[in-house]
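show me how the following folds:
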Amino acid sequence: MEVTEGGQYGFKESTNVTDKKTPLQLSTTSNGTMQHSASPNSDGFKTWVQKALWHGGSRYDAWFNAVSGQVGQVILSMPYSYSQMGFGLGVFFHLLYAGVGIWTCYMLSCLYLEYRSRKEKEGADFKRHVIQYHEVMGYLVGSWLKKAALFFNIVTMGSVAVVQIIACASNAYYLNSKYNKREWAIIFGGISILTCLLPSFHNFRVWSIMGVVTTTYTAWYMLIAGLLHGKIPDVKHSAPQDMEKFFTGTTNILFAFGGHAITVEIMHAMWQPKVYKYVYLWTVGYVLTITMPHCIVLYSKFGDELLNHSNALSVLPHSVFRSIALCFMIGHQALAFGLYVMPLNFMWEKVLGVHGSPYMIRVVCRVPVALVLCFLALLFPFFGPLNSLIGSIIMSFSVYIIPCIAYVLVYNKKTSREEAAEKLPSWMPKWNGIVAINAAIVVMIAVVGFCVGSWASVSNIIKQVHSFGLFEKCYQCTAIKGK
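Now for the predicted structure:
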(Lines give C-alpha, C1' and ligand atoms only; values in the text may rest on other atoms or scores of the structure.)
Protein backbone atom coordinates (compact mmCIF):
# COMPACT_ATOMS: atom_id res chain seq x y z
CA MET A 1 0.00 0.00 0.00
CA GLU A 2 1.38 3.36 -0.97
CA VAL A 3 1.15 5.67 2.03
CA THR A 4 2.26 9.25 2.31
CA GLU A 5 2.79 11.16 5.53
CA GLY A 6 -0.61 11.28 7.16
CA GLY A 7 -2.71 13.99 8.72
CA GLN A 8 -4.87 14.22 11.75
CA TYR A 9 -7.93 12.80 10.01
CA GLY A 10 -6.45 10.10 7.80
CA PHE A 11 -3.88 9.68 5.11
CA LYS A 12 -3.61 9.63 1.38
CA GLU A 13 -3.27 6.24 -0.21
CA SER A 14 -3.29 4.88 -3.73
CA THR A 15 -6.66 4.02 -5.22
CA ASN A 16 -5.41 0.54 -6.05
CA VAL A 17 -5.12 -0.66 -2.47
CA THR A 18 -3.23 -3.81 -1.62
CA ASP A 19 -2.80 -5.66 1.63
CA LYS A 20 -0.82 -3.78 4.26
CA LYS A 21 2.56 -5.47 4.67
CA THR A 22 4.40 -3.13 7.05
CA PRO A 23 2.78 -2.13 10.34
CA LEU A 24 2.17 1.61 10.55
CA GLN A 25 3.55 3.49 13.51
CA LEU A 26 1.59 6.54 14.54
CA SER A 27 2.55 9.29 16.94
CA THR A 28 0.89 12.54 17.85
CA THR A 29 2.62 15.87 17.52
CA SER A 30 1.90 18.93 19.61
CA ASN A 31 -0.77 20.22 17.27
CA GLY A 32 -2.67 16.91 17.21
CA THR A 33 -1.42 15.81 13.79
CA MET A 34 -0.76 12.09 13.50
CA GLN A 35 2.47 11.13 11.77
CA HIS A 36 3.11 7.78 10.08
CA SER A 37 6.37 5.93 10.08
CA ALA A 38 7.37 2.53 8.72
CA SER A 39 10.00 2.00 11.41
CA PRO A 40 8.69 -0.85 13.63
CA ASN A 41 10.34 0.31 16.88
CA SER A 42 10.83 4.04 16.32
CA ASP A 43 9.17 5.26 19.49
CA GLY A 44 9.30 2.12 21.60
CA PHE A 45 6.59 0.94 23.93
CA LYS A 46 4.69 4.26 24.04
CA THR A 47 4.20 4.25 20.29
CA TRP A 48 3.14 0.61 20.36
CA VAL A 49 0.48 1.34 22.99
CA GLN A 50 -0.79 4.33 21.00
CA LYS A 51 -0.98 2.24 17.87
CA ALA A 52 -2.63 -0.73 19.56
CA LEU A 53 -5.21 1.15 21.62
CA TRP A 54 -5.73 4.51 19.94
CA HIS A 55 -5.01 4.58 16.21
CA GLY A 56 -7.18 2.26 14.16
CA GLY A 57 -7.74 2.04 10.43
CA SER A 58 -7.94 -1.69 9.73
CA ARG A 59 -10.92 -3.63 8.42
CA TYR A 60 -11.41 -4.92 11.96
CA ASP A 61 -11.62 -1.39 13.33
CA ALA A 62 -14.15 -0.58 10.62
CA TRP A 63 -16.17 -3.66 11.58
CA PHE A 64 -16.22 -2.72 15.26
CA ASN A 65 -17.19 0.86 14.38
CA ALA A 66 -19.91 -0.32 12.00
CA VAL A 67 -21.42 -2.83 14.45
CA SER A 68 -21.32 -0.32 17.31
CA GLY A 69 -23.02 2.28 15.14
CA GLN A 70 -25.53 -0.16 13.64
CA VAL A 71 -27.10 -1.42 16.86
CA GLY A 72 -27.39 -0.03 20.35
CA GLN A 73 -30.52 1.01 22.15
CA VAL A 74 -32.55 -0.26 19.18
CA ILE A 75 -32.10 -3.83 20.44
CA LEU A 76 -34.18 -2.77 23.45
CA SER A 77 -37.04 -1.41 21.33
CA MET A 78 -37.15 -4.07 18.60
CA PRO A 79 -39.15 -6.59 20.71
CA TYR A 80 -41.69 -3.75 21.06
CA SER A 81 -41.77 -3.60 17.25
CA TYR A 82 -42.39 -7.35 17.03
CA SER A 83 -45.37 -6.92 19.35
CA GLN A 84 -46.72 -4.40 16.83
CA MET A 85 -46.04 -6.56 13.76
CA GLY A 86 -46.29 -10.20 14.83
CA PHE A 87 -43.92 -13.13 14.30
CA GLY A 88 -44.11 -13.70 10.55
CA LEU A 89 -44.16 -10.10 9.38
CA GLY A 90 -41.61 -9.11 12.00
CA VAL A 91 -39.08 -11.65 10.72
CA PHE A 92 -39.90 -10.82 7.08
CA PHE A 93 -39.30 -7.08 7.44
CA HIS A 94 -36.28 -7.73 9.63
CA LEU A 95 -34.59 -9.71 6.84
CA LEU A 96 -35.92 -7.44 4.08
CA TYR A 97 -34.51 -4.26 5.58
CA ALA A 98 -31.23 -6.02 6.37
CA GLY A 99 -30.88 -6.86 2.67
CA VAL A 100 -31.86 -3.35 1.60
CA GLY A 101 -29.32 -1.93 4.05
CA ILE A 102 -26.52 -4.07 2.59
CA TRP A 103 -27.39 -3.03 -0.96
CA THR A 104 -27.66 0.71 -0.30
CA CYS A 105 -24.46 0.68 1.75
CA TYR A 106 -22.71 -0.91 -1.22
CA MET A 107 -24.03 1.83 -3.46
CA LEU A 108 -22.73 4.45 -1.03
CA SER A 109 -19.31 2.81 -0.71
CA CYS A 110 -18.93 2.77 -4.51
CA LEU A 111 -19.75 6.48 -4.63
CA TYR A 112 -17.15 7.24 -1.95
CA LEU A 113 -14.45 5.37 -3.88
CA GLU A 114 -15.44 7.18 -7.07
CA TYR A 115 -15.22 10.56 -5.37
CA ARG A 116 -11.88 9.71 -3.74
CA SER A 117 -10.42 8.44 -7.02
CA ARG A 118 -11.47 11.46 -9.08
CA LYS A 119 -10.38 14.00 -6.48
CA GLU A 120 -6.96 12.42 -5.99
CA LYS A 121 -6.41 12.43 -9.75
CA GLU A 122 -7.04 16.18 -9.54
CA GLY A 123 -4.36 16.44 -6.86
CA ALA A 124 -6.63 16.74 -3.81
CA ASP A 125 -4.96 16.13 -0.45
CA PHE A 126 -7.04 14.61 2.35
CA LYS A 127 -4.39 14.62 5.07
CA ARG A 128 -6.29 17.27 7.03
CA HIS A 129 -9.76 16.84 5.60
CA VAL A 130 -12.42 14.17 6.24
CA ILE A 131 -14.56 13.32 3.23
CA GLN A 132 -18.27 13.41 4.10
CA TYR A 133 -21.53 12.18 2.66
CA HIS A 134 -22.81 15.50 1.31
CA GLU A 135 -19.46 16.31 -0.29
CA VAL A 136 -19.55 13.06 -2.24
CA MET A 137 -23.09 13.73 -3.47
CA GLY A 138 -22.37 17.34 -4.38
CA TYR A 139 -19.23 16.58 -6.37
CA LEU A 140 -20.59 13.54 -8.24
CA VAL A 141 -24.19 14.68 -8.87
CA GLY A 142 -24.69 18.37 -8.19
CA SER A 143 -25.25 21.06 -5.58
CA TRP A 144 -28.96 20.24 -5.31
CA LEU A 145 -28.20 16.75 -4.02
CA LYS A 146 -25.44 18.09 -1.79
CA LYS A 147 -27.95 20.35 -0.05
CA ALA A 148 -30.52 17.56 0.25
CA ALA A 149 -27.96 15.07 1.57
CA LEU A 150 -26.59 17.63 4.01
CA PHE A 151 -30.04 18.35 5.43
CA PHE A 152 -31.12 14.73 5.76
CA ASN A 153 -27.82 13.54 7.20
CA ILE A 154 -27.62 16.34 9.76
CA VAL A 155 -31.10 15.49 11.01
CA THR A 156 -30.42 11.73 10.89
CA MET A 157 -27.19 11.83 12.86
CA GLY A 158 -28.41 14.53 15.20
CA SER A 159 -31.57 12.58 15.96
CA VAL A 160 -29.70 9.33 16.56
CA ALA A 161 -27.27 11.12 18.87
CA VAL A 162 -30.17 12.64 20.81
CA VAL A 163 -31.78 9.22 21.17
CA GLN A 164 -28.62 7.91 22.85
CA ILE A 165 -28.90 10.46 25.68
CA ILE A 166 -32.58 9.68 26.14
CA ALA A 167 -31.84 5.95 26.24
CA CYS A 168 -29.03 6.47 28.78
CA ALA A 169 -31.47 8.28 31.05
CA SER A 170 -34.10 5.57 30.67
CA ASN A 171 -31.70 2.74 31.49
CA ALA A 172 -30.18 4.65 34.40
CA TYR A 173 -33.65 5.15 35.87
CA TYR A 174 -34.23 1.39 35.87
CA LEU A 175 -31.06 1.05 37.91
CA ASN A 176 -31.69 3.94 40.30
CA SER A 177 -35.02 5.75 40.48
CA LYS A 178 -33.72 8.24 43.04
CA TYR A 179 -33.29 10.64 40.14
CA ASN A 180 -35.96 11.10 37.50
CA LYS A 181 -35.24 10.59 33.81
CA ARG A 182 -34.84 14.27 33.10
CA GLU A 183 -32.17 14.55 35.78
CA TRP A 184 -30.42 11.48 34.40
CA ALA A 185 -30.60 13.03 30.92
CA ILE A 186 -28.89 16.17 32.23
CA ILE A 187 -26.17 14.05 33.85
CA PHE A 188 -25.48 11.97 30.75
CA GLY A 189 -25.82 14.99 28.51
CA GLY A 190 -22.96 16.54 30.42
CA ILE A 191 -20.90 13.36 30.15
CA SER A 192 -21.56 13.20 26.42
CA ILE A 193 -19.72 16.47 25.93
CA LEU A 194 -16.51 14.53 26.63
CA THR A 195 -16.85 12.87 23.22
CA CYS A 196 -15.57 16.14 21.78
CA LEU A 197 -12.13 14.97 22.90
CA LEU A 198 -11.99 12.11 20.37
CA PRO A 199 -10.18 13.46 17.28
CA SER A 200 -11.69 11.21 14.57
CA PHE A 201 -12.94 7.73 13.68
CA HIS A 202 -9.34 6.52 13.88
CA ASN A 203 -9.55 6.79 17.64
CA PHE A 204 -12.57 4.61 18.50
CA ARG A 205 -10.79 1.24 18.62
CA VAL A 206 -11.10 0.51 22.35
CA TRP A 207 -14.54 2.12 22.62
CA SER A 208 -15.97 0.26 19.63
CA ILE A 209 -14.70 -3.09 20.91
CA MET A 210 -16.46 -2.31 24.18
CA GLY A 211 -19.56 -1.35 22.18
CA VAL A 212 -19.73 -4.76 20.50
CA VAL A 213 -19.20 -6.55 23.82
CA THR A 214 -21.97 -4.59 25.54
CA THR A 215 -24.65 -5.10 22.88
CA THR A 216 -23.74 -8.78 22.48
CA TYR A 217 -24.06 -9.38 26.21
CA THR A 218 -27.36 -7.51 26.43
CA ALA A 219 -28.90 -9.35 23.48
CA TRP A 220 -27.90 -12.76 24.79
CA TYR A 221 -28.99 -11.84 28.30
CA MET A 222 -32.50 -10.96 27.03
CA LEU A 223 -32.60 -14.18 25.00
CA ILE A 224 -31.61 -16.41 27.93
CA ALA A 225 -33.70 -14.51 30.48
CA GLY A 226 -36.72 -14.77 28.21
CA LEU A 227 -36.26 -18.53 27.79
CA LEU A 228 -35.89 -19.04 31.54
CA HIS A 229 -38.81 -16.78 32.41
CA GLY A 230 -41.46 -18.77 30.61
CA LYS A 231 -44.73 -17.45 29.20
CA ILE A 232 -46.76 -15.03 31.26
CA PRO A 233 -50.30 -16.17 32.20
CA ASP A 234 -52.86 -15.83 29.40
CA VAL A 235 -50.26 -14.51 26.98
CA LYS A 236 -51.77 -13.18 23.75
CA HIS A 237 -50.16 -12.63 20.34
CA SER A 238 -52.68 -10.47 18.53
CA ALA A 239 -50.28 -8.43 16.36
CA PRO A 240 -50.76 -6.80 13.98
CA GLN A 241 -53.70 -5.11 15.64
CA ASP A 242 -53.98 -2.08 13.38
CA MET A 243 -52.17 -0.31 10.56
CA GLU A 244 -50.75 2.42 12.76
CA LYS A 245 -48.98 0.06 15.15
CA PHE A 246 -47.82 -2.18 12.32
CA PHE A 247 -46.11 0.54 10.29
CA THR A 248 -44.67 2.12 13.42
CA GLY A 249 -42.97 -1.22 14.01
CA THR A 250 -41.68 -1.55 10.44
CA THR A 251 -40.12 1.89 10.51
CA ASN A 252 -38.35 1.14 13.78
CA ILE A 253 -36.70 -1.84 12.05
CA LEU A 254 -35.94 0.43 9.09
CA PHE A 255 -34.17 2.67 11.59
CA ALA A 256 -32.20 -0.31 12.94
CA PHE A 257 -30.55 -0.96 9.57
CA GLY A 258 -29.81 2.66 8.79
CA GLY A 259 -26.45 2.76 10.55
CA HIS A 260 -24.62 3.40 7.29
CA ALA A 261 -25.31 7.11 7.70
CA ILE A 262 -21.70 7.19 8.96
CA THR A 263 -20.34 4.91 6.21
CA VAL A 264 -18.35 7.61 4.40
CA GLU A 265 -16.54 8.76 7.54
CA ILE A 266 -15.75 5.15 8.56
CA MET A 267 -14.41 4.37 5.09
CA HIS A 268 -12.26 7.49 5.13
CA ALA A 269 -10.62 6.30 8.34
CA MET A 270 -9.69 2.93 6.78
CA TRP A 271 -6.32 1.96 5.37
CA GLN A 272 -8.14 -0.11 2.73
CA PRO A 273 -11.53 1.47 2.06
CA LYS A 274 -12.15 -0.83 -0.90
CA VAL A 275 -12.83 -3.76 1.42
CA TYR A 276 -15.59 -1.97 3.35
CA LYS A 277 -18.28 -3.68 1.26
CA TYR A 278 -17.21 -6.98 2.80
CA VAL A 279 -16.90 -5.41 6.24
CA TYR A 280 -20.50 -4.22 6.11
CA LEU A 281 -21.75 -7.58 4.87
CA TRP A 282 -20.24 -9.23 7.93
CA THR A 283 -21.57 -6.40 10.06
CA VAL A 284 -25.17 -7.05 9.07
CA GLY A 285 -24.72 -10.81 9.43
CA TYR A 286 -23.53 -10.34 13.00
CA VAL A 287 -26.21 -7.76 13.75
CA LEU A 288 -28.91 -10.26 12.79
CA THR A 289 -27.60 -12.69 15.41
CA ILE A 290 -27.99 -10.11 18.18
CA THR A 291 -31.27 -8.51 17.07
CA MET A 292 -33.57 -11.27 15.86
CA PRO A 293 -33.39 -14.19 18.36
CA HIS A 294 -34.25 -12.22 21.50
CA CYS A 295 -37.12 -10.44 19.69
CA ILE A 296 -38.71 -13.77 18.78
CA VAL A 297 -38.24 -15.22 22.27
CA LEU A 298 -39.50 -12.18 24.18
CA TYR A 299 -42.56 -11.78 21.99
CA SER A 300 -43.26 -15.48 22.39
CA LYS A 301 -43.08 -15.24 26.20
CA PHE A 302 -44.69 -11.84 26.82
CA GLY A 303 -46.86 -11.27 23.74
CA ASP A 304 -49.00 -8.14 23.76
CA GLU A 305 -47.57 -7.09 27.13
CA LEU A 306 -44.59 -5.72 25.18
CA LEU A 307 -46.87 -3.06 23.69
CA ASN A 308 -46.59 -1.28 27.03
CA HIS A 309 -42.80 -1.52 27.15
CA SER A 310 -40.75 0.21 24.47
CA ASN A 311 -37.68 -0.82 26.48
CA ALA A 312 -37.66 -4.63 26.55
CA LEU A 313 -35.52 -4.81 29.70
CA SER A 314 -38.47 -3.46 31.68
CA VAL A 315 -40.43 -6.72 31.30
CA LEU A 316 -37.63 -8.85 32.71
CA PRO A 317 -37.28 -9.44 36.48
CA HIS A 318 -34.69 -7.56 38.51
CA SER A 319 -31.37 -9.41 38.75
CA VAL A 320 -27.65 -8.79 38.79
CA PHE A 321 -27.50 -9.82 35.13
CA ARG A 322 -30.17 -7.30 34.16
CA SER A 323 -28.33 -4.58 36.07
CA ILE A 324 -25.15 -5.47 34.18
CA ALA A 325 -27.07 -5.25 30.90
CA LEU A 326 -28.40 -1.83 31.85
CA CYS A 327 -24.91 -0.60 32.76
CA PHE A 328 -23.53 -2.01 29.53
CA MET A 329 -26.22 -0.31 27.45
CA ILE A 330 -25.56 3.02 29.15
CA GLY A 331 -21.90 2.67 28.21
CA HIS A 332 -22.75 1.69 24.65
CA GLN A 333 -25.15 4.57 24.20
CA ALA A 334 -22.47 7.01 25.30
CA LEU A 335 -20.19 5.46 22.67
CA ALA A 336 -22.91 5.62 20.00
CA PHE A 337 -23.41 9.29 20.78
CA GLY A 338 -19.75 9.84 19.98
CA LEU A 339 -19.97 7.90 16.72
CA TYR A 340 -22.94 9.86 15.41
CA VAL A 341 -21.91 13.28 16.67
CA MET A 342 -18.46 12.99 15.07
CA PRO A 343 -19.68 13.76 11.50
CA LEU A 344 -21.63 16.72 12.89
CA ASN A 345 -18.46 17.93 14.58
CA PHE A 346 -16.63 17.74 11.25
CA MET A 347 -19.40 19.72 9.53
CA TRP A 348 -19.36 22.37 12.24
CA GLU A 349 -15.58 22.65 12.06
CA LYS A 350 -15.81 23.25 8.31
CA VAL A 351 -18.48 25.93 8.81
CA LEU A 352 -16.22 27.73 11.30
CA GLY A 353 -13.14 27.22 9.13
CA VAL A 354 -11.21 25.31 11.80
CA HIS A 355 -11.34 21.80 10.31
CA GLY A 356 -7.58 21.79 9.75
CA SER A 357 -6.73 23.69 12.93
CA PRO A 358 -4.84 22.31 15.96
CA TYR A 359 -6.58 19.75 18.13
CA MET A 360 -7.61 21.94 21.10
CA ILE A 361 -9.18 24.60 18.89
CA ARG A 362 -11.38 21.97 17.28
CA VAL A 363 -12.34 20.50 20.65
CA VAL A 364 -13.56 23.85 21.95
CA CYS A 365 -15.50 24.55 18.75
CA ARG A 366 -17.31 21.21 19.03
CA VAL A 367 -18.87 21.91 22.43
CA PRO A 368 -21.92 23.88 21.11
CA VAL A 369 -22.91 20.87 18.97
CA ALA A 370 -23.10 18.63 22.03
CA LEU A 371 -25.00 21.27 24.01
CA VAL A 372 -27.71 21.59 21.32
CA LEU A 373 -28.16 17.82 21.22
CA CYS A 374 -28.47 17.69 25.02
CA PHE A 375 -31.21 20.31 24.88
CA LEU A 376 -33.14 18.28 22.29
CA ALA A 377 -32.85 15.19 24.48
CA LEU A 378 -34.60 17.06 27.29
CA LEU A 379 -37.24 18.32 24.85
CA PHE A 380 -38.24 14.84 23.60
CA PRO A 381 -38.07 12.41 26.56
CA PHE A 382 -39.05 9.19 24.78
CA PHE A 383 -36.97 6.97 22.52
CA GLY A 384 -39.16 4.05 21.36
CA PRO A 385 -41.59 6.08 19.24
CA LEU A 386 -38.79 8.48 18.28
CA ASN A 387 -36.90 5.68 16.53
CA SER A 388 -39.81 5.12 14.16
CA LEU A 389 -40.15 8.84 13.46
CA ILE A 390 -36.49 9.14 12.52
CA GLY A 391 -36.59 6.02 10.39
CA SER A 392 -39.67 6.96 8.40
CA ILE A 393 -39.28 10.67 7.78
CA ILE A 394 -35.55 11.26 7.72
CA MET A 395 -33.57 8.03 7.42
CA SER A 396 -35.69 6.82 4.52
CA PHE A 397 -34.06 9.49 2.38
CA SER A 398 -30.59 9.86 3.87
CA VAL A 399 -29.44 6.23 3.85
CA TYR A 400 -31.82 4.43 1.47
CA ILE A 401 -33.27 6.65 -1.26
CA ILE A 402 -30.43 9.11 -1.93
CA PRO A 403 -27.64 6.50 -2.42
CA CYS A 404 -29.78 4.54 -4.90
CA ILE A 405 -30.70 7.62 -6.93
CA ALA A 406 -27.17 9.02 -6.85
CA TYR A 407 -25.61 5.76 -8.04
CA VAL A 408 -27.88 5.62 -11.10
CA LEU A 409 -27.20 9.26 -11.94
CA VAL A 410 -23.42 8.91 -11.60
CA TYR A 411 -23.08 5.73 -13.66
CA ASN A 412 -25.90 6.29 -16.13
CA LYS A 413 -23.44 6.55 -19.03
CA LYS A 414 -21.57 3.49 -20.25
CA THR A 415 -18.24 5.32 -20.20
CA SER A 416 -18.73 6.18 -16.53
CA ARG A 417 -19.28 2.53 -15.71
CA GLU A 418 -16.23 1.45 -17.69
CA GLU A 419 -14.01 3.98 -15.90
CA ALA A 420 -15.52 3.43 -12.43
CA ALA A 421 -13.17 3.20 -9.47
CA GLU A 422 -15.21 0.24 -8.19
CA LYS A 423 -16.44 -1.95 -11.03
CA LEU A 424 -19.35 -4.28 -10.36
CA PRO A 425 -18.39 -7.97 -10.08
CA SER A 426 -19.37 -10.21 -12.97
CA TRP A 427 -21.92 -12.17 -10.94
CA MET A 428 -24.04 -9.08 -10.24
CA PRO A 429 -26.93 -8.07 -12.53
CA LYS A 430 -26.26 -6.04 -15.65
CA TRP A 431 -26.89 -2.30 -15.65
CA ASN A 432 -30.62 -2.56 -16.36
CA GLY A 433 -30.91 -4.96 -13.43
CA ILE A 434 -29.07 -2.53 -11.14
CA VAL A 435 -31.41 0.27 -12.18
CA ALA A 436 -34.44 -1.96 -11.58
CA ILE A 437 -33.25 -2.95 -8.09
CA ASN A 438 -32.52 0.67 -7.15
CA ALA A 439 -35.87 1.82 -8.49
CA ALA A 440 -37.68 -0.91 -6.56
CA ILE A 441 -35.90 0.09 -3.34
CA VAL A 442 -36.69 3.78 -3.87
CA VAL A 443 -40.39 3.07 -4.49
CA MET A 444 -40.68 0.61 -1.60
CA ILE A 445 -38.95 2.88 0.92
CA ALA A 446 -40.85 5.93 -0.32
CA VAL A 447 -44.23 4.21 0.04
CA VAL A 448 -43.78 1.85 3.00
CA GLY A 449 -41.14 3.84 4.87
CA PHE A 450 -41.75 7.49 4.14
CA CYS A 451 -45.46 7.81 3.28
CA VAL A 452 -47.25 5.15 5.33
CA GLY A 453 -44.52 4.88 7.95
CA SER A 454 -44.51 8.63 8.48
CA TRP A 455 -48.25 8.67 8.99
CA ALA A 456 -48.05 5.91 11.60
CA SER A 457 -45.03 7.36 13.36
CA VAL A 458 -46.32 10.92 13.47
CA SER A 459 -49.69 9.71 14.78
CA ASN A 460 -47.92 7.75 17.49
CA ILE A 461 -45.61 10.58 18.45
CA ILE A 462 -48.50 13.05 18.64
CA LYS A 463 -50.21 10.74 21.10
CA GLN A 464 -47.08 10.60 23.22
CA VAL A 465 -46.65 14.37 23.25
CA HIS A 466 -50.32 14.91 24.06
CA SER A 467 -50.20 12.41 26.93
CA PHE A 468 -46.90 13.33 28.49
CA GLY A 469 -45.83 16.68 27.08
CA LEU A 470 -42.53 18.08 25.98
CA PHE A 471 -39.77 18.35 28.61
CA GLU A 472 -41.56 15.56 30.50
CA LYS A 473 -39.98 15.08 33.90
CA CYS A 474 -40.18 11.28 33.97
CA TYR A 475 -41.70 9.58 30.91
CA GLN A 476 -43.38 6.20 31.75
CA CYS A 477 -42.01 6.29 35.29
CA THR A 478 -45.40 5.54 36.88
CA ALA A 479 -45.69 2.29 34.93
CA ILE A 480 -42.16 1.30 35.92
CA LYS A 481 -42.74 1.90 39.63
CA GLY A 482 -45.91 -0.11 39.47
CA LYS A 483 -44.12 -3.24 38.36
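
only C-alpha atoms for contact and neighbour calcs from this point on.
Will do.

quick one: contacts for the nearest residue to Tyr139 once chain neighbours are set aside?
Closest residue to Tyr139 apart from its sequence neighbours, by Cα to Cα, 6 or more residues apart in numbering: Tyr115 at 7.3 Å. For Tyr115, the contact set (Cα atoms under 8 Å, 6 or more residues apart in numbering) comprises 136, 139-140.

which SSE is Tyr115 in?
helix 87-121 (DSSP states H and E).

what helix or strand is Thr415 on?
helix 414-418.

contacts for that helix next, please.
Here helix 414-418 makes contact (Cα under 8 Å, 6+ apart) with 410-411, 423.

just the buried ones from those, in PyMOL syntax?
Burial among the contacts of helix 414-418 is assessed by 16 or more other Cα atoms under 10 Å; the matching PyMOL selection reads:
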select buried, resi 410+411
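
and of the contacts of helix 414-418, the nearest to Ser323?
Checking those against Ser323 with Cα to Cα, the nearest one is Lys423 at 48.6 Å.

tell me the contacts of the closest one?
So Lys423 contacts Arg417 (Cα under 8 Å, 6+ apart).

which among the contacts of Tyr115 end up buried?
136, 140.

give me the pLDDT for the nearest residue to Gly259 once chain neighbours are set aside.
In this structure, Gly259 finds its nearest non-sequential neighbour in Gln70, 4.4 Å apart by Cα to Cα, 6+ apart. With respect to pLDDT, Gln70 scores 89.

now Thr289
95.

any idea which helix or strand carries Cys404?
helix 402-410.

then Pro233?
Using DSSP H and E, Pro233 sits within no helix or strand.

next, it: phi, psi?
phi -60, psi 140 (degrees, to the nearest 10).

and the gap between it and Asp304?
Pro233 is 12 Å from Asp304, where distance means Cα to Cα, to the nearest Å.

Leu352 too?
50 Å.

more neighbours: which of these two?
Neighbours per residue (other Cα atoms under 10 Å) separate Leu352 from Asp304, with Asp304 holding more: 21 against 11.

quick check, that one in contact with Gln241.
No - assessed by Cα atoms under 8 Å, Asp304 is found out of contact with Gln241, at 9.9 Å.

so where do the strands sit in the chain?
Remark: strands assigned in the chain by DSSP state E are 25-28, 34-37.

lowest average pLDDT across the ones you listed?
Across the strands of the chain, the lowest-scoring stretch is strand 25-28, with a mean of 32.

got any ranges where this protein has weak pLDDT?
Within the chain, the ranges that satisfy pLDDT under 70 run 1-43, 382-388, 391, 464-470, 475-476, 478-483.

let's go with 50 and repeat that
Residues of the chain meeting the criterion pLDDT under 50: 1-40, 482-483.

residues in contact with both of Pro233 and Asp304, list them for me.
Common neighbours of Pro233 and Asp304 (Cα under 8 Å, 6+ apart) do not exist.

and the gap between Val399 and Ser314?
From Val399 over to Ser314 (counting by Cα to Cα), the distance is 31 Å.

the two: which has the busier surroundings?
Applying other Cα under 10 Å to Val399 and Ser314 shows that Val399 carries more neighbours, namely 28 against 18.

now do the contacts for Leu326.
Taking Cα under 8 Å, 6+ apart, one finds 171-172, 174-175, 218 in contact with Leu326.

format the residues you listed as JSON lines; extra columns: distance to Phe45.
Below are the contacts of Leu326 laid out as JSON lines (distance: Cα to Cα, whole Å):
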{"residue": "Asn171", "distance to Phe45": "39"}
{"residue": "Ala172", "distance to Phe45": "38"}
{"residue": "Tyr174", "distance to Phe45": "43"}
{"residue": "Leu175", "distance to Phe45": "40"}
{"residue": "Thr218", "distance to Phe45": "35"}
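
and those residues, which is closest to Val100?
After measuring the contacts of Leu326 against Val100 - Cα to Cα - the closest member comes out as Thr218, at 25.6 Å.

now for Pro233, how many residues are close by?
Quick note: Pro233 (other Cα under 10 Å) scores 8 neighbours.

state the distance from the nearest residue to His94 once chain neighbours are set aside to Thr291.
Using Cα to Cα, 6+ apart and skipping residues adjacent in sequence, the residue nearest His94 is Ile253, 6.4 Å away. From Ile253 across to Thr291, the span is 10 Å (Cα to Cα).

what is in contact with these two at once?
Common neighbours of Ile253 and Thr291, using Cα under 8 Å, 6+ apart, are Met78.

okay, the two: which has more neighbours?
Shown here are Ile253 and Thr291; by other Cα under 10 Å, Ile253 has more neighbours (29 against 25).

quick check: the more buried one touching Phe93?
Yes - in this structure, Ile253 is within contact of Phe93 by Cα under 8 Å, at 7.4 Å.

can you tell me which residues contact Pro293?
Leu223.
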